[in-house]
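K.L.:
one predicted model, sequence on top.
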Amino acid sequence: MSSIIRILICIIGVVIAARITIELPVSTTTIPISGQSLAVLLACMFLKPWEAFVAMSSYLLLGIMGLPVFADGASGIEKLQGGSGGFLYGFIIVGVFVSILGQKGWRTSFIKAFLAMFLGTALLLFIGNAHLANKYGWAQALEYGFFPFWKGGLIKVLLGASLVVLFEYLRGKYLI
């Protein structure tokens with residue numbers, strides 16, 4: 001399969017996953033938990049690092065240009081400047097990081113895939129919370145950017161690692 005097709009599949013997968021959201025009531029606001037991070041982790045495990053960079057950068061550019069690709073159909077540069085910005089631009093860094101691990105064979109066992117996705121999620125939470133802390137301070141960053149997401153992140157890691165291993169098994173068995 002060509003790189004262009006893999007990149008397009010990744011972008012489409014993240015866009016679709018961004019539409020899958022759960023609203024969490026936190027203090028006086030609601031925070032959407034979406035399938036974006038799972039899609040980024042999952043897709044990038046199978047991309048080359050440069051493909052992951054192009055896919056995630058393109059995804060952000062589509063959103064910045066006004067296409068409704070972010071969680072809940074949001075778009076615009078203000079999303080990157082707002083509270084969720086660190087998580088969004090963190091997709092580029094995390095996508096490349098997870099891709100490097102995937103290329104090094106970390107998708108061949110559940111433990112390795114779990115660890116790659118766990119580290120990717122931890123990195124994404126750090127980047128997202130650092131962005132929030134820069135805007136609001138660490139106490140609020142953790143309240144809005146870590147505590148509501150860490151349990152869901154762990155579930156996404158378990159699901160993602162299972163799907164990676166399943167795909168690798170099917171690919172080996174049926175050469176897909």
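P.N.:
In hand now; what should we look at? Numbers count the residues shown, from 1 in each chain.
K.L.:
the residue at minimal distance from the centre of the chain: which element?
P.N.:
By CA atoms, centre = their mean, the mean C-alpha position of the chain lies nearest to Ser37, the distance being 2.4 Å. The secondary structure element spanning Ser37 is helix 36-44 (assigned by DSSP states H and E).
K.L.:
and that helix, what does it pack onto?
P.N.:
Packed against helix 36-44, as judged by 3 or more CB pairs under 8 Å, 6 or more residues apart in numbering; DSSP states H and E, are the following elements: helix 3-18, helix 49-64, helix 85-101, helix 110-136, helix 150-174. For glycine as for every other residue, the C-beta is placed from the backbone atoms N, C-alpha and C.
K.L.:
who's in contact with it?
P.N.:
Contact partners of helix 36-44, identified using CB atoms under 8 Å, 6 or more residues apart in numbering, comprise 9-10, 13-14, 16-18, 52, 55-56, 70-71, 87, 91, 94-96, 98-99, 102, 117, 120-121, 124, 153, 156-157, 159-160, 163-164.
K.L.:
can you give me how far that helix is from the chain middle?
P.N.:
Per CA atoms, centre = their mean, to the nearest Å, the displacement of helix 36-44 from the mean C-alpha position of its chain is 4 Å.
K.L.:
please work out the average pLDDT along that helix.
P.N.:
Averaging the model's pLDDT scores along helix 36-44 yields 95.
K.L.:
with just CA atoms, put it into CSV.
P.N.:
As requested, the backbone C-alpha atoms of helix 36-44 are provided in CSV (Å, rounded to 0.1, in the frame of the first residue of the first chain):
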residue,chain,number,x,y,z
GLN,A,36,-9.0,11.0,18.5
SER,A,37,-6.1,9.9,20.7
LEU,A,38,-6.9,6.2,20.2
ALA,A,39,-7.0,6.7,16.4
VAL,A,40,-3.7,8.6,16.5
LEU,A,41,-2.0,5.9,18.6
LEU,A,42,-3.5,3.1,16.5
ALA,A,43,-2.9,4.5,13.1
CYS,A,44,0.6,5.8,13.8
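K.L.:
can you count the residues close to Val54?
P.N.:
Burial of Val54 is recorded as 20 neighbouring residues (other CB atoms under 10 Å).
K.L.:
for Trp150, that is, sorry about that
P.N.:
When counting by other CB under 10 Å, one arrives at 14 neighbours for Trp150.
K.L.:
check contacts around the closest residue to it other than its chain neighbours.
P.N.:
Ranked by CB to CB, 6 or more residues apart in numbering and with sequence neighbours excluded, the top spatial neighbour of Trp150 is Leu125, at 6.9 Å. When contacts are counted by CB under 8 Å, 6+ apart, Leu125 touches Gly145, Phe146, Phe149, Trp150, Gly153.
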